[in-house]
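[1] give the three-dimensional model of this entry:
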Amino acid sequence: MNLETAASLGEALGGLAIMATLLFGLRQVMEVNRNRRYEISQTIAKSLENPLVQRGFGTFGSVVSADTSLQELMELTREQKDATNAVIVLMANHAVMTYHRNLSFDIVYSFYKPYLSLIGVGMRRLMQLTEQGYIMHEKSSVGDEGMGVFHWVIWLLDRLEEHDKPDEFKPHLNQTDWMP
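    Now for the predicted structure:
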């Protein structure tokens, strides 16, 4: 084998080694992203399994409605108030993380969309009345700008309500061809 052929062969083998390294690196990046999505999904699922959050969903679904008065909100039990607050804080946290792209909107959508018809209207009403009460209260530090945590929840509710993925609606009917 002459020197020129050996150099060409060495160059080809070096190129193959670089290509194999790039492919391995790409596979590693894909695996890290898959694991990250799994961890995010687990975090959201665990937070929604919290009994206090579940009671909050129940309160929004059965007690608080579009025409609930401030007096009726004041009559909620301490547990119901704590539960609704837990849902609002959780959704505000998920909204901020989604906005900053730390959470995938698709994952958040998949988890929250089924609950929207149950909690959306009541949650908006509770936040509206609560914010108005704080703004009107003289000793409150909440000014005309309102409560920022509520604004994040409203932002997330708006994004979730305007987004539509029909393939996730009634998956037991619409995803019969899905295979693991």
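
[2] thought residue 112 was touching residue 160?
    Yes - counting by Cβ atoms under 8 Å, residue 160 is a contact partner of residue 112 at 5.5 Å. Quick note: C-beta positions are derived from backbone N, CA and C, even for glycine.

[3] now do stretch 57-72: distance from first to last residue.
    Start-to-end span of stretch 57-72 (Cα to Cα, to the nearest Å) is 17 Å.

[4] and it, how far out from the chain middle?
    23 Å (Cα atoms, centre = their mean, to the nearest Å).

[5] buried residues in that stretch?
    Buried positions in stretch 57-72, judged by neighbour count with 16 or more other Cβ atoms under 10 Å: 57-61, 63-64, 68.

[6] now stretch 25-36
    In stretch 25-36, counting by 16+ other Cβ under 10 Å, buried: nothing.

[7] can I get the buried residues of stretch 57-72 in JSON lines including distance to residue 118 and secondary structure?
    Below are the buried residues of stretch 57-72 laid out as JSON lines (distance: Cβ to Cβ, whole Å; DSSP: H, G, I helix; E, B strand; the rest coil):
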{"residue": "57", "distance to residue 118": "6", "secondary structure": "helix"}
{"residue": "58", "distance to residue 118": "9", "secondary structure": "helix"}
{"residue": "59", "distance to residue 118": "10", "secondary structure": "helix"}
{"residue": "60", "distance to residue 118": "7", "secondary structure": "helix"}
{"residue": "61", "distance to residue 118": "4", "secondary structure": "helix"}
{"residue": "63", "distance to residue 118": "12", "secondary structure": "coil"}
{"residue": "64", "distance to residue 118": "11", "secondary structure": "coil"}
{"residue": "68", "distance to residue 118": "15", "secondary structure": "coil"}
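
[8] dump those into CSV; add distance to residue 44 and pLDDT as well.
    Formatted as CSV, the buried residues of stretch 57-72 follow (distance: Cβ to Cβ, whole Å; pLDDT from 0 to 100):
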residue, distance to residue 44, pLDDT
57, 14, 92
58, 19, 91
59, 20, 91
60, 18, 89
61, 19, 86
63, 25, 86
64, 23, 87
68, 28, 87
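
[9] which helices and strands sit right next to the longest helix anywhere in the chain?
    In the chain, taking DSSP state H as the definition, the longest helix is helix 3-49. Applying 3 or more Cβ pairs under 8 Å, 6 or more residues apart in numbering; DSSP states H and E, one finds that helix 3-49 makes contact with helix 78-99, helix 105-136.

[10] pick the most deeply packed of these.
    Of those, the one with the most neighbours on average (mean count of other Cβ atoms under 10 Å) is helix 78-99, at a mean of 19.

[11] ok now that helix, how far from the chain's centre?
    11 Å.
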